[in-house]
Every structure is written in structure tokens, then in C-alpha cells.
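A.B. asks: 3D, please:
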Amino acid sequence: MRSVRSALSTTTGKVLGFLGASVLAGILVAGLALPLAATGGATVATGSELLDEFPTELREEPISVPSRVLASDGTELATFYAENRKPVGLDQISPNMQEAIVAIEDERFYEHGGVDPQGIGRALVNNASTDSEQGASTITQQYVNNMLINADMLSGKEKLTISGTKTYMDKLREMKLAVSVEQEMTKDQILEGYLNIVLLGGRTYGVEAAAQYYWGVPASELTIAQSATLAGLVKSPNGYNPQTRPEAAVERRNVVLDSMLAQGFITDAEHAEATASDLGLDVHPEQAGCISSSAAPYFCDFVQHEVRSNEAFGPDPESREQLLHRGGLEITTTLDPKLQQQAQASVEETVPATDSSGAGSALVSVEPGTGNVRAMAQNTRYSPEEGRGNTVLNFNVDAAQGGGNGFQGGSSLKPYVAAAWLEDGRSMADVVDASQDHWRQGEQFRASCQPGGSVSIPDEGGWKVNNVIDDMKRPMTADFGLYWSINTVMVNMAQELDLCDITDVATRLGVHRADDGQPLNPGNPSFILGSEEFAPMTQAAAYAAFADDGRYCRPRAIESVTDSTGKRYDVGGPDCQQALDPEVVAQLNETLTQIGRRNAEEAGVDPGVPMGGKTGTNNSQSSTWYIGYTSGLSTASWVGRYTDLKTLAGTRVNGQEHEHFWGSTLAGPQWMDFMEQASGSVEAEPFRTPTDSPFPDPGSTERYRMGGNGTG
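C.D. replies: Down below sits the predicted model:
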């Protein structure tokens, strides 16, 4: 027969509880002559004076609750916690569990008023007459103790006021607060709070998290034996841990079962069945942090850095990190799970994580018009452990966001030169003399933002510029030069412009160095050909402006954040501004879409939507790019080395050796593979056409099969 329990403690019980505390206070003070802490002297206080010194209200703080990072559709990406806890209501906790904890920890829980005089007397006699130490803390006192520890943890105190070895003063304070709590809360509320806050092994707190960890079931389904096992853990979470000390756990469980039987919570038959059973563990370990995210660990890492850098979550990075691990945040992100899965498959197919080449591959997608990061993948395993293919370095982002120093952009910078050319009132049909391929030391380029209004070639031997395609050092249109990525065209175009106008275009498009976040440096003309280092996400966001009539949006990963109390944090919305004139972008797209069409044909794929793009390769062929875009998605694809600049030309990558290692070698096909999969789930519209195109038939590729000199 199950015992009938009173929902609320009686008035008599509360009075007895308070009297018990007062009596014990008198005994303690009389026996030890405790000095008043405030005086620092030898003045002796009476029991009542000591009690008056203690607060009557429990300093409550929200209990530590894990935070969840969610994809845009609500699926969970990762969990952060200092304490693995899943708070639930008492109606979601099995009666078996409620009865087991009362039976072993506080058999008079429904009778006393927070302090159990009978238990105190028994403990005093035992402790005075034997070498063993017996406790007398009620469930209410334990709840108070745990709440105080929680409050101290949240306030950052290193030394907890009531934990570990307690003094008599600690015990008195605990008892007075317990009496106060009983006057403010019902028994059910106290029991619910206690069962949600108590430590049950490792970093597992509360019966819901413990039930799921040890057996993979909710707390509402805990059996008698399972409940007794958890209740037995309270006395010593490490000593009776069923994983590490199963024999001790069974012995302690059976002690709990004996108490449940003696108090009428279970029958003889139930007792016999439970004591005869084994622990039946089915452990479901739950890893915390981004290492637990199988779908998007590097995106998770980016989100974590975003939280740490956002003042909305606290005054400093440390407090923001604590909020992430204890505040029960629900962080809804911009990530599209389907696109993420496709991106991850593409990078792993391009270069396996443990490939002997040591090369890395990465993809990151940004949504034009919002800046929402929709996918972020790389071929490595997210792990701090040593080993080939393991790293926590995020290839796709800046150093300040968890990445490295970035990668040289190569020819992927050329569209910014072309945009500055068009802003200067010129045309993509204008002819540029690309015959000069050497600039002597001291030869000047106009740069109005630099001291003296110009910069000169610094190297003693001058600057020699080579083209990949022979016979291209001659006059040709800017359109032809960009289409075939002719280096001498771009440098000669830049010499006709102001270098500061080119860097200004790049800055308006959000382009900056990955190592320190600074804009491109016009002090050395070599930046024109992509000598500086960028993060792929920076490039994806910049090219997204070409897909949205020149409107640049800062990349964003977080849509909304609420905490366990329902509080919403202001994370802002899309941060966009008009970076380029729509007409400039429309004219630039006439060339970039032709490049995209050629790249798709060379890769043998059909993206299925209008697209533009540009390859990029650095001088050593250790960093290769393809940045492409549709009206619905802009994606940067990168393949290269992330530990050094040693060339990949002639290196066997994923079983195949390449004499040359260009942007079109692997980065381009990787982009095409991803977009071919993604095109069905991404809306795309035709790009805006120029008001006055300089080309009679803008969609024709005939102009690229001629001499490119604008004559026909």
C-alpha cells in the first residue's frame, strides 16, 4: 500500500521545525561559544541573536540550464551546458522517483516545516557517541543548499558559502532559510525544485537528465529499481555511480528499496523484484559544445564566437560564455540543414579529411538580401586532438571568429577592380592596352588616400606580371580580360584608376583581411591580383551583392535568442546597405554570368538557374577559389593548404595528380556539385539587365572567341 501524503506541511510541523532550529542553535552556541563573525572579537552571541543575523529569504537565481543551438527549421545542432539538466514539472516525474527520494532522504518530509527535530536529535546522539557522522538535512534544507550553490556559481564566486564541509554557522543559516522556504512554497514545489537541481553523477543534474543519461527514458517512466538507483546517488554521486561503481550502486539501491518497503511505498513483491534486478544501464552520453554537433560543428563554433562578441549577452566575453553554458538559451540560427548536408557531402567528396595531400576544402553560403549564412562546411573533423584531418580551426571565417589568417584570393579579386572601372564612368567594352607586363621599381600608381597621393613599386627588381594564357599581352576589352582572367589587363586597368577607389569598392562590399579585420592595403599594387588573405565567408558575402543589385549585407548566423524564462535578446536583423549602383552591377554581371556559364559547361553540370562567378588562384597554387552566385545564394568554394603555402601542383589530391592546380581544378567543380544539388531548394531569378548595354548581344559568347580588341 502506498502511503497517503499531505500536500502541505501542517502549521504544527512548521512551528516544530523552527523550534528545532532554535534549540539546535542554543546547543551549538552554548557548547562552542561561537564568536560573532562581524566583531572579530570574543563577544558571545545567544542562539536567538545568531539566528537574527541570518537572512530569512533565499537568494534564488535561475538554475543552470543547458542552451540549445538550433537550425533555421528548429532541429538541434548542439547543446552547451556546465550542468546537464532538463527541468520538468513534478507531474513529469514518476511517483516511484518521488517516493524513493522521500524514503531515503527525508521520511518525515510531509510532516516537518523545513527542519526535522527528530532527525537532528538522532544525528546529535549518533555523532556524539560514535566515530561516524550522520546528517540530518531535510529535502528542504538540501534544496536550500543547492540553490545557494547555484546562486554563487552564477555570481562567479570561487568559494561557495554552503558546500563541502559545513560549519555550524552554515548549518544554522541553512535551517533558518529552510523554514522560510516552507512558509513560501508548497511541498510539491519544493520536491519539484529539488528533483531538478540535485547532482546525480558527473555533470548530470536533475532526474530528467539522469533518466535519459543512464537509461534513455524520460523521468516519467522511471521504474522502482531505476528510481531507487538515482535516489541512492544523492548521498555520494561518485561513490555510488552506477557506471563506475556498479556493485556499490546496487548495494545502495537496495538500501533505498528497503526504506521504500518499510515506509509502505512498495509491496513485498515489488521489493523482491526490484532487488533481484540488475542495473540495466543503457547509457546515452551527451557531449556538450560544438564537438557534439555532427551536422555543423564549425558553424556552431562560429555561433559561439558570435555570442561571445555580442554585448546583448553580457558586459564581457566571460559573462556571455557563462550565459551560453548556464542560461538555457534557445538560439535559432540561419543554417539550412538541407544545404548544410549537401555542402558537407561536397567538401568531403572533393578532399577526404585524412587525404595524404593534407589539403583542406571548404564551402560557405550566404543569402543575398539578408546576409544569412545558410551553410558552412569543411572537410576536416572538428577535434582538438592531434591527428591528420583534425582541427578546430574554422577555414570559412576570420581569426576573430575562430578562423585563421585566411587565404590569398588570387583572381577572385578582379571583379572589384572591374566594379571600380565601371564606377569611374568607363565601360566593359573599353579597350585596355595589356601589353605592359613589367613595372619598374619606383613606377607610380595613383592612390589619393596614401601619403603623397600615389604609391610606387617597392621591389628592386620591379614587378613582373605573368598571364596563364599566352599571347594576351596586347590591347583587349576589359570584358575580354576579365572573362579570360588576364592579369596584365587588370593591372593596366588599375593603373588608369585610383587604387584607393578599388579598395573603397572592396571595403563597401565588406572585404577585409582575415587576420586583423583591416581593409585592403592600397600601399602595394600587388593587392590587385589577390595577394592579401581573406576568409571564404567574406568573399561569399561580397559576391552576394552582385546577386542583389549591389546591396551588401553583413553575414549573420543568429536569427533569434530566448532564455529559459522567456526573455528575448536583441540580436538585430539583417544589416544591409547599398554598396554599388545597380547599373554598375548589371554591367558587371554581363561578364560574370558569361564566366559562370563557361565554368558550368567545363564542369559538365547545369546549375539550373542563372549564375555568375569567378575563379581564383594564388601564385604558388596553394590556395584556389571559386565564388559563384545566383539571385538566391552566394557561395565561396575554397580548396588549398591551410598550414603552409607549398604548392599543390603535382601533388596527388584524392587519388589524382594535377600538373597545375587552378581554381577550376577542384574548387570550381566542388561549387558546381554543391549548386547542382542545391538548385532545387533555392529560389533564383534572372539578374537585372543594364539600361544601356555596350554589347549588341549581351548573351552571346561570340565576343570571347574573337580577338577581344573590340573590333568585332
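A.B. asks: How about the backbone phi and psi for Ser67?
C.D. replies: For Ser67, the backbone dihedrals are phi -100, psi 150 (criterion: degrees, to the nearest 10).
A.B. asks: excluding its backbone neighbours, what's nearest it?
C.D. replies: With Cβ to Cβ, 6 or more residues apart in numbering as the criterion, Ser67 has its nearest non-adjacent residue at 3.8 Å, and that residue is Leu329. Any C-beta I mention is one placed from the backbone N, CA and C, and that applies to glycine too.
A.B. asks: burial of that neighbour, as a residue count?
C.D. replies: Counted with other Cβ atoms under 10 Å, the neighbours of Leu329 add up to 22.
A.B. asks: From the chain's centroid, how far away is the strand or helix carrying Val179?
C.D. replies: Assigned by DSSP states H and E, Val179 falls within helix 168-184. Counting by Cα atoms, centre = their mean, to the nearest Å, helix 168-184 is centred 40 Å from the centre of its parent chain.
A.B. asks: Which positions in that helix come out as buried?
C.D. replies: The neighbour-count check on helix 168-184 (16 or more other Cβ atoms under 10 Å) flags 168-182 as buried.
A.B. asks: related to what we said a few turns ago, would you confirm that the residue nearest to Ser67 contacts Ser560?
C.D. replies: No: checked against Cβ atoms under 8 Å, the pair Leu329 and Ser560 is beyond contact range at 10.3 Å.
A.B. asks: on that earlier part again, quick check: what element follows the helix holding Val179 along the chain?
C.D. replies: Tracing the chain C-terminally past helix 168-184 and defining elements by DSSP H and E, one meets helix 187-197 next.
A.B. asks: The residue nearest to Ser67 and Glu306, how far apart?
C.D. replies: As defined by Cβ to Cβ, to the nearest Å, Leu329 lies at a distance of 12 Å from Glu306.
A.B. asks: Same question for Ile197.
C.D. replies: 30 Å.
A.B. asks: go on, Ile104?
C.D. replies: Relative to Glu306, Ile104 is positioned 45 Å away (Cβ to Cβ).
A.B. asks: Repeat that for Met175.
C.D. replies: Distance, Met175 to Glu306, using Cβ to Cβ: 46 Å.
A.B. asks: try Ala103
C.D. replies: 48 Å.
A.B. asks: Compare neighbour counts for the two and give me the winner.
C.D. replies: More neighbours surround Ala103 than the other of Ala103 and Glu306, with 26 against 22 (other Cβ under 10 Å).
A.B. asks: quick one: which helix or strand includes that one?
C.D. replies: Assigned by DSSP H and E, Ala103 belongs to helix 95-105.
A.B. asks: Output the below-cut-off pLDDT ranges for this structure.
C.D. replies: Within the chain, the stretches with pLDDT under 70 are 1-61, 121-136, 154-168, 706-712.
A.B. asks: where's Ile558 relative to Tyr298, distance?
C.D. replies: Taking Cβ to Cβ, one finds Ile558 at 15 Å from Tyr298.
A.B. asks: next one: Ala219
C.D. replies: 34 Å.
A.B. asks: Then Leu257?
C.D. replies: Separation of Leu257 from Tyr298 (Cβ to Cβ) stands at 48 Å.
A.B. asks: do the same with Ala547
C.D. replies: When distance is defined by Cβ to Cβ, Ala547 is 24 Å away from Tyr298.
A.B. asks: quick one: the helices in the stretch 401-550 of the chain?
C.D. replies: 414-423, 478-483, 487-496, 499-508, 536-546 (DSSP state H, counting those that start in this stretch).
A.B. asks: Could you list every helix and strand in contact with the fourth one?
C.D. replies: For helix 499-508, the helices and strands in contact under the criterion 3 or more Cβ pairs under 8 Å, 6 or more residues apart in numbering; DSSP states H and E are helix 414-423.
A.B. asks: Pull the residues that contact the helix it packs on.
C.D. replies: 428, 430, 478, 482, 485, 490, 493-494, 497, 501-502, 504-506, 509, 511, 528-530, 542-543, 546, 580-581, 584-585, 587-588, 591-592, 614 (Cβ atoms under 8 Å, 6 or more residues apart in numbering).
A.B. asks: Report the distance from it to the chain centre.
C.D. replies: So, by Cα atoms, centre = their mean, the centroid of helix 414-423 is 36 Å from its chain's centroid.
A.B. asks: Could you do stretch 400-419 as well?
C.D. replies: Here the centre of mass of C-alpha atoms in stretch 400-419, compared against the chain's by Cα atoms, centre = their mean, lies 24 Å away.
A.B. asks: Now do the buried residues in it.
C.D. replies: Buried, per 16+ other Cβ under 10 Å, within stretch 400-419: 401-404, 406-419.
A.B. asks: repeat for stretch 227-246
C.D. replies: Residues of stretch 227-246 classed as buried: Ser227, Ala228, Thr229, Leu230, Ala231, Gly232, Leu233, Val234, Pro237, Tyr240, Asn241, Pro242 (neighbour count, 16+ other Cβ under 10 Å).
A.B. asks: can you tell me the distance between the two ends of it?
C.D. replies: Across stretch 227-246, the terminal residues are separated by 15 Å (Cα to Cα, to the nearest Å).
A.B. asks: from the chain's centre, how far out does that stretch sit?
C.D. replies: 33 Å.
A.B. asks: With stretch 284-298 instead?
C.D. replies: 10 Å.
A.B. asks: and if you look at stretch 96-105?
C.D. replies: 39 Å.
A.B. asks: Show me what that stretch is in contact with.
C.D. replies: Identification of contacts with stretch 96-105 by Cβ under 8 Å, 6+ apart yields 2, 90, 109-110, 138-139, 142, 191, 194-195, 207, 219, 222-224, 226-228, 230-232, 234-235, 255-256, 259-260, 262-263, 265-266.
A.B. asks: same thing with stretch 195-211?
C.D. replies: 63-64, 81-88, 90, 92-93, 97-98, 101, 142-143, 146-147, 150, 213, 217-219, 221-222, 226, 230, 233-234, 237-238, 241-243, 288.
A.B. asks: Also stretch 513-520?
C.D. replies: Contacts to stretch 513-520, defined as Cβ under 8 Å, 6+ apart, come from residues 397-400, 403-407, 502-503, 506-507, 511-512, 527, 532-535, 538.
A.B. asks: Kindly report the same for stretch 670-684.
C.D. replies: Applying Cβ under 8 Å, 6+ apart, the external contacts of stretch 670-684 come out as 336, 338-339, 342-343, 345-347, 349-350, 361, 363, 365, 599-600, 603, 605-611, 613, 626-628, 630-633, 635, 637, 639.
A.B. asks: And that stretch, end to end?
C.D. replies: With Cα to Cα as the measure, stretch 670-684 spans 20 Å from end to end.
A.B. asks: mind listing what's buried in that stretch?
C.D. replies: For stretch 670-684, burial by neighbour count (16+ other Cβ under 10 Å) applies to Gln670, Trp671, Met672, Asp673, Phe674, Met675, Glu676, Gln677, Ala678, Ser679, Val682, Ala684.
A.B. asks: Is it possible to get JSON lines of those residues that adds secondary structure and distance to Glu443?
C.D. replies: Rendered in JSON lines, the data for these read as follows (DSSP: H, G, I helix; E, B strand; the rest coil; distance: Cβ to Cβ, whole Å):
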{"residue": "Gln670", "secondary structure": "helix", "distance to Glu443": "39"}
{"residue": "Trp671", "secondary structure": "helix", "distance to Glu443": "37"}
{"residue": "Met672", "secondary structure": "helix", "distance to Glu443": "40"}
{"residue": "Asp673", "secondary structure": "helix", "distance to Glu443": "43"}
{"residue": "Phe674", "secondary structure": "helix", "distance to Glu443": "42"}
{"residue": "Met675", "secondary structure": "helix", "distance to Glu443": "42"}
{"residue": "Glu676", "secondary structure": "helix", "distance to Glu443": "46"}
{"residue": "Gln677", "secondary structure": "helix", "distance to Glu443": "48"}
{"residue": "Ala678", "secondary structure": "helix", "distance to Glu443": "46"}
{"residue": "Ser679", "secondary structure": "helix", "distance to Glu443": "47"}
{"residue": "Val682", "secondary structure": "coil", "distance to Glu443": "46"}
{"residue": "Ala684", "secondary structure": "coil", "distance to Glu443": "44"}
